[in-house]
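> the sequence isn't on hand, but the structure is:
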């Protein structure tokens, strides 16, 4: 994991806090639309987290993998990630 | 919030647990690809949560809002939700 | 279809022209990355078209449907559209 | 472009025909919901086209690029494609 670990940890801590806040909203029977706006915001935060992680992966693990001749593994993983990211 | 509250609470609890698991993976410097697969799974779980919430909203709050003459508010909210869901 | 028909027709004509351009690129064996950038642009153009159409639907057909008591049909359609838009 | 060109051409021809059909629906003032279902279907067809193209790119152009030492270009393009695919 070549991406700045502290930054990833901070982002996940924020996302977890966001989820806790949404749980509180549901406990308090908040208006559906307000809850949905918050879950959409969490999705966007997750996507920014994924972009950071992927950039690090492409910049570090992928070239290293090609150097070591593990081309098929690298390509198979990237294809799978691309498919999963659009589900 | 007309959707089954217990079900929504259970789903959010599961999502929060999933995020905690991903934080542990990052602490342990797990392989990027394995972390990404987990965050994609959380996004899909959030989307299923949102579908349930939206179904309840469309089936209950929206018809009630129209009955009370709050058409503009209902329509504005739905347009906004649709835009946000695709960001 | 309450949305400005001329505007919708113009947008679709542009999208069709864009697709024709991509076909030409493939015929000419263009670089994959350049082709992909163009198809992503077409997807975004389709999404803007859909937003316009949906806004008109929410502002006109949906309130009319509720007024006529066709609540179940309106709600079922909106739920389906939301699901399809995220596939 | 290492992906089977004939297959890509056939898919784009089908997508163009699909767009023409949607233009006809708009000319005929079809119901918004029916038009939206068709544009969502076109988006899915574009996404399947993109998956094929990307698989070919990852399997052929990317390893070739790394072999030739164009790592930075390959990585920059993949990062950009990933970002664009989620817009």
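Arrived safely. This one's a predicted model, so the numbers in the text were calculated from it and none came from an experiment.
> next structured bit after the one helix or strand residue A:21 maps to?
Assigned by DSSP states H and E, residue A:21 belongs to helix A:5-27. As assigned by DSSP H and E, the chain's next helix or strand after helix A:5-27 is helix A:32-56.
> does chain B sit close to the helix holding residue A:21?
Yes: using Cβ under 8 Å from any Cβ of the partner chain, helix A:5-27 reaches chain B at A:5, A:8-9, A:12-13, A:15-16, A:19-20, A:22-23, A:26-27. All C-beta spots, glycine's among them, are computed from the backbone N, C-alpha and C.
> pLDDT weak spots in chain A?
For chain A, not a single residue meets the criterion pLDDT under 70.
> next up, the contacts around the residue nearest the centre of chain A.
When Cα atoms, centre = their mean is applied to chain A, the residue found nearest the centroid is residue A:50 (3.2 Å). Listed by Cβ atoms under 8 Å, 6 or more residues apart in numbering or on different chains, the contact set of residue A:50 reads A:85, B:36, B:39-40.
> 7 Å instead, please
Contacts here follow Cβ atoms under 7 Å, 6 or more residues apart in numbering or on different chains; on that basis residue A:50 touches B:36, B:39.
> quick check: it vs residue D:28, distance?
According to Cβ to Cβ, to the nearest Å, residue A:50 and residue D:28 sit 42 Å apart.
> what do you get for residue A:25?
Relative to residue D:28, and taking Cβ to Cβ, residue A:25 is found at 45 Å.
> then residue A:17?
Counting by Cβ to Cβ - residue A:17 and residue D:28 are separated by 51 Å.
> more neighbours: those two, which one.
Using other Cβ atoms under 10 Å in any protein chain shown, the more surrounded residue of residue A:17 and residue D:28 is residue A:17, with 11 against 8.
> now for that one: which residues touch it?
Shown in contact with residue A:17 (Cβ under 7 Å, 6+ apart): no residues.
> hang on, the earlier thing: now, among the residues of helix A:5-27 next to chain B, which is nearest to chain C?
Ranked by distance to chain C (Cβ to the nearest Cβ), the residues of helix A:5-27 next to chain B are led by residue A:22 at 18.8 Å.
> ok, the closest one - contacts?
Taking Cβ under 7 Å, 6+ apart, we find residue A:22 in contact with A:35, A:38-39, B:12.
> 10 Å - rerun?
A:30, A:34-36, A:38-39, A:41-42, B:8, B:12, B:15-16, B:46, B:49 (Cβ atoms under 10 Å, 6 or more residues apart in numbering or on different chains).
> just put the residues of helix A:5-27 next to chain B in JSON lines and tack on distance to residue C:75.
Converted to JSON lines, these look like this (distance: Cβ to Cβ, whole Å):
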{"residue": "A:5", "distance to residue C:75": "46"}
{"residue": "A:8", "distance to residue C:75": "41"}
{"residue": "A:9", "distance to residue C:75": "42"}
{"residue": "A:12", "distance to residue C:75": "37"}
{"residue": "A:13", "distance to residue C:75": "38"}
{"residue": "A:15", "distance to residue C:75": "32"}
{"residue": "A:16", "distance to residue C:75": "34"}
{"residue": "A:19", "distance to residue C:75": "28"}
{"residue": "A:20", "distance to residue C:75": "31"}
{"residue": "A:22", "distance to residue C:75": "24"}
{"residue": "A:23", "distance to residue C:75": "27"}
{"residue": "A:26", "distance to residue C:75": "22"}
{"residue": "A:27", "distance to residue C:75": "26"}
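> look up phi and psi at residue A:4.
Taking degrees, to the nearest 10, you get phi -50, psi 110 for the backbone angles of residue A:4.
> repeat for residue A:29
phi 50, psi 50.
> nothing else from me, thank you.
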